[in-house]
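Chemist: predicted model and sequence below, questions to follow.
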Amino acid sequence: MSEEWTPTRISILIALWDEGLTTSAIGERLGVTKNAVVGKVHRLGLPKRGSPIRQKPKPAQIISLEALRAGMCCWPEGEPGKEDFRFCGEPIVPEKPYCSHHCERAYVKNLKDKNTAAA
């Protein structure tokens, strides 16, 4: 399957790539192999896309109260007394006891106060 990369076929390749089709699907439409598509995309310098292979979530690290140190997020996760109870342990936001994710949950602005002040 050695088809020539004409300007028309390259335009089709780029359009299909921008649509988000897989390299296999693009290859089928153009009559070339998946690897031929990958190589041409690379040579054209088209933007890279994330892998369709889903990464396994990393297992939760167990940060016990004894393992909790300064600079670690102390947001509790799970039920106290249970085997899987732990603390977040991610790096904290300066001057706060939690990481940025847990600060978003812990420090919610009261929109009701703003509305009454404006009235």
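Modeler: Alright, I've got the coordinates. Numbers count the residues shown, from 1 in each chain.
Chemist: start and end of stretch 88-98, how far apart?
Modeler: 8 Å (C-alpha to C-alpha, to the nearest Å).
Chemist: for stretch 4-23, buried residues please.
Modeler: For stretch 4-23, a neighbour-count test (16 or more other C-beta atoms under 10 Å) marks 13, 16, 17, 21, 23 as buried. All C-beta spots, glycine's among them, are computed from the backbone N, C-alpha and C.
Chemist: just the ones of these in helices?
Modeler: 13, 16, 17, 23 (DSSP state H).
Chemist: out of those residues, who's nearest residue 29?
Modeler: Closest to residue 29 out of those is residue 16 (6.5 Å), distances taken as C-beta to C-beta.
Chemist: contact partners for that closest one?
Modeler: Residue 16 makes contacts with 25, 26, 29, 30, as judged by C-beta atoms under 8 Å, 6 or more residues apart in numbering.
Chemist: so where do the strands sit in this structure?
Modeler: 76-77, 86-87 (DSSP state E).
Chemist: now render those strands as CSV, adding distance to residue 4.
Modeler: Putting these into CSV (distance: least, C-beta to C-beta, whole Å) gives the following:
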stretch, distance to residue 4
strand 76-77, 58
strand 86-87, 59
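Chemist: give me whichever of these is most buried.
Modeler: Mean neighbour count (mean count of other C-beta atoms under 10 Å) peaks for strand 86-87 among those, with a mean of 19.
Chemist: got a pLDDT number for the most centrally placed residue in the chain?
Modeler: With distances taken as C-alpha atoms, centre = their mean, the residue of the chain nearest its centroid is residue 50 (9.3 Å). Looking at residue 50, its pLDDT reads 76.
Chemist: ramachandran angles for it?
Modeler: phi -70, psi 160 (degrees, to the nearest 10).
Chemist: does residue 76 touch residue 87 like I think?
Modeler: Yes - when contacts are counted by C-beta atoms under 8 Å, residue 76 is listed as touching residue 87 (5.9 Å).
Chemist: what segments of the protein are helices?
Modeler: 7-19, 23-30, 34-44, 100-106, 111-118.
Chemist: angle of the third one against helix 23-30?
Modeler: The one in question is helix 34-44. Counting by axes from the mean of the first three to the mean of the last three C-alpha atoms, to 10 degrees, helix 34-44 lies at 100 degrees to helix 23-30.
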